[in-house]
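Chemist: 3D model of this:
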Amino acid sequence: MLKGAIARRYAGAIFDLALKQHTLERTLEDVQGIGQLFSKHTLSYLLREPKVPLQRKEKALRETLSTRVLPTSLNLALLVVQRSLVEVMPNIARELQQMVFDYKNQAVAEVTTAAPMDEKQQVLVKQALEKQTGKTILLQTKVNPEILGGVVARVGDQVIDGSVQQRLQVLKRQLLNGMATSSVEELVVEHQGAYTV
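Modeler: Residues are numbered from 1 along each chain as shown. As a prediction, this is how the structure comes out:
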């Protein structure tokens, strides 16, 4: 089975459990923390190492996590280690995050501007994106002077490019296409003139 499908299945199971227990936010926080922990190279290597007995791995996890996470989150971590899926844990965390967003009808928008936006501008951009997507937008802002002006917003797979840089590129293409078309038309007219003598 592919890693993405495995991650979705595990994320779906912990999501359903968290909904029933009314611990969705806390579970998400736990799973993201475990995902980050399992991403650390040395720990990931240790948890995947076949020479280290499973009981030792489980004991180390219980000692590290039992006072920090919910029992259901700890059980997920233990299950992932038992099934040799340590490298999938960060994917499980991402899938769970997306499930929570979908459940709450939320989306993260990465918004890039040439200069920092003030609070009023952020509110306007957020409202425009909410109107376009139909979702509650969680705004993440970045500054990139290369876009010259305007806004570039990424919501999931959708990119809305309203930057000055993009507009200039479109204008450049239009001008080049217009010049190429007019050059061809001029050549045709010249050749037609040569034959109508």
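Chemist: CA only for contacts and neighbour counts going forward, please
Modeler: Fine.
Chemist: any chance of the backbone angles for the residue nearest the centre of the chain?
Modeler: The residue lying closest to the centre of the chain (CA atoms, centre = their mean) is residue 156, at 5.9 Å. The phi and psi values for residue 156, taken as degrees, to the nearest 10, are phi 60, psi -120.
Chemist: now do the strands in this protein.
Modeler: 106-113, 136-143, 150-155, 158-163 (DSSP state E).
Chemist: contacting residues around residue 139?
Modeler: Applying CA atoms under 8 Å, 6 or more residues apart in numbering to residue 139 gives the contacts 108-111, 122, 126.
Chemist: equivalent analysis for residue 138, please.
Modeler: Counting by CA under 8 Å, 6+ apart, residue 138 has contacts 106-109, 126.
Chemist: what about 6 Å?
Modeler: Residues near residue 138 by CA atoms under 6 Å, 6 or more residues apart in numbering: residue 108.
Chemist: and for the one 4 residues further on?
Modeler: Contacts for residue 142 were tallied using CA under 6 Å, 6+ apart; they are residue 112.
Chemist: may I have stretch 73-89 exported as CSV, CA atoms only?
Modeler: Extracted as CSV, the C-alpha positions of stretch 73-89 are listed here (Å, rounded to 0.1, in the frame of the first residue of the first chain):
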residue,chain,number,x,y,z
SER,A,73,-2.1,9.8,20.6
LEU,A,74,0.5,7.6,22.5
ASN,A,75,-1.3,4.5,21.2
LEU,A,76,-1.0,5.8,17.6
ALA,A,77,2.7,6.5,18.1
LEU,A,78,3.2,3.0,19.5
LEU,A,79,1.2,1.4,16.7
VAL,A,80,3.2,3.3,14.1
VAL,A,81,6.5,2.0,15.6
GLN,A,82,5.2,-1.6,15.9
ARG,A,83,4.2,-1.6,12.3
SER,A,84,7.5,-0.1,11.1
LEU,A,85,5.9,3.0,9.8
VAL,A,86,8.0,5.6,11.6
GLU,A,87,8.7,7.5,8.3
VAL,A,88,5.0,7.8,7.6
MET,A,89,4.2,9.6,10.9
